[in-house]
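# return atomic coordinates for the entry below.
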Amino acid sequence: MKSQINKLLETYQSIKPQIEQRLAGFQNIRENGSEFELYKELIFCLLTPQSNAERCWLAVEKLERKNLLFCNDPIKIAECLRGYTRFHHTKAKNILKNNEVLFIKNKICIRDQLNKSVDLHEKREWLVQNIKGMGYKEASHYLRNIGLGEELAILDRHILKKLVEFEVIDSIPTSISKKVYFQIEIQMKTFSHQIGIPISHLDFAFWYMQKKFIFK
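Next up, the predicted model:
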């Protein structure tokens, strides 16, 4: 285990400047990003479950090019998503359903909704309870991508596999309830403190160890 941790630390040190640059970009979205940028990141995170993240971002860009992000036709949206993300019909319907929540008087109002609470965990809870198709993993991912979630764990299967590998958890749970998600999040935070890698950096390091590049 010591050699594995040393490898993780070496990997982290080699990519730390890239991670900091990426997080600075997220912080810039928080401070200067338009509502449209916040919206695109939300759509991206909604598309990612059981799908390739890079392909999901390409899907968002395709929806934007074809002026379908605000389309009222779920079939057109689903056809645009086909081949980029799994469950494209369901996700297309979710996009339309969520627009009912995110648009007020025909304007995107994500920042105002999130600013109703100062507490980060309350912001995450609002997303989970109000955005269809968004669980704790997607909500954590979204908040991190808009510069708000640096203390949250993004527990996708890649991260869970690494947590098993580093003996942070015993096994990947077959299903993740709210209680289980929070328990693993605490365990990941404890591990990150023990090895000296911030939790917002740790998932990037885990991702890089598998993919050999840094993404969202």
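
# what residues does the spatially most central residue of the chain make contact with?
Residue closest to the mean C-alpha point of the chain, counted by C-alpha atoms, centre = their mean, is H141 at 2.0 Å. Counting by C-beta atoms under 8 Å, 6 or more residues apart in numbering, H141 touches C45, T48, G149, I154, D156. Where C-beta positions appear, they are placed from N, C-alpha and C, glycine not excepted.

# what helix or strand does it sit in?
Using DSSP states H and E, the element containing H141 is helix 136-145.

# outline the domain layout of this structure.
Domains of the chain are assigned by automatic domain parsing as 2-28+153-211, 33-145.

# which of the ones you listed sits most buried?
Comparing those by mean neighbour count (mean count of other C-beta atoms under 10 Å), domain 33-145 comes out on top with a mean of 17.

# and G147, how many neighbours?
Neighbours of G147 under the rule other C-beta atoms under 10 Å: 18.

# residues contacting Q18?
F204, I214.

# and the next element down the chain from the host helix or strand of it?
Using DSSP H and E, Q18 sits within helix 2-32. Toward the C-terminus, helix 2-32 is succeeded by helix 35-47 as the next helix or strand (DSSP H and E).

# just the C-alphas of that next one, formatted as PDB.
Provided in PDB are the C-alpha atoms of helix 35-47 (Å, rounded to 0.1, in the frame of the first residue of the first chain):
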ATOM      1  CA  GLU A  35     -26.200  32.000 -16.600                       C
ATOM      2  CA  PHE A  36     -25.800  30.200 -19.900                       C
ATOM      3  CA  GLU A  37     -22.400  28.800 -18.900                       C
ATOM      4  CA  LEU A  38     -23.900  27.600 -15.600                       C
ATOM      5  CA  TYR A  39     -26.700  26.000 -17.500                       C
ATOM      6  CA  LYS A  40     -24.300  24.200 -19.900                       C
ATOM      7  CA  GLU A  41     -22.400  22.700 -17.000                       C
ATOM      8  CA  LEU A  42     -25.600  21.500 -15.500                       C
ATOM      9  CA  ILE A  43     -26.700  19.800 -18.700                       C
ATOM     10  CA  PHE A  44     -23.200  18.200 -18.900                       C
ATOM     11  CA  CYS A  45     -23.500  16.800 -15.400                       C
ATOM     12  CA  LEU A  46     -27.000  15.400 -16.100                       C
ATOM     13  CA  LEU A  47     -25.600  13.500 -19.100                       C
END
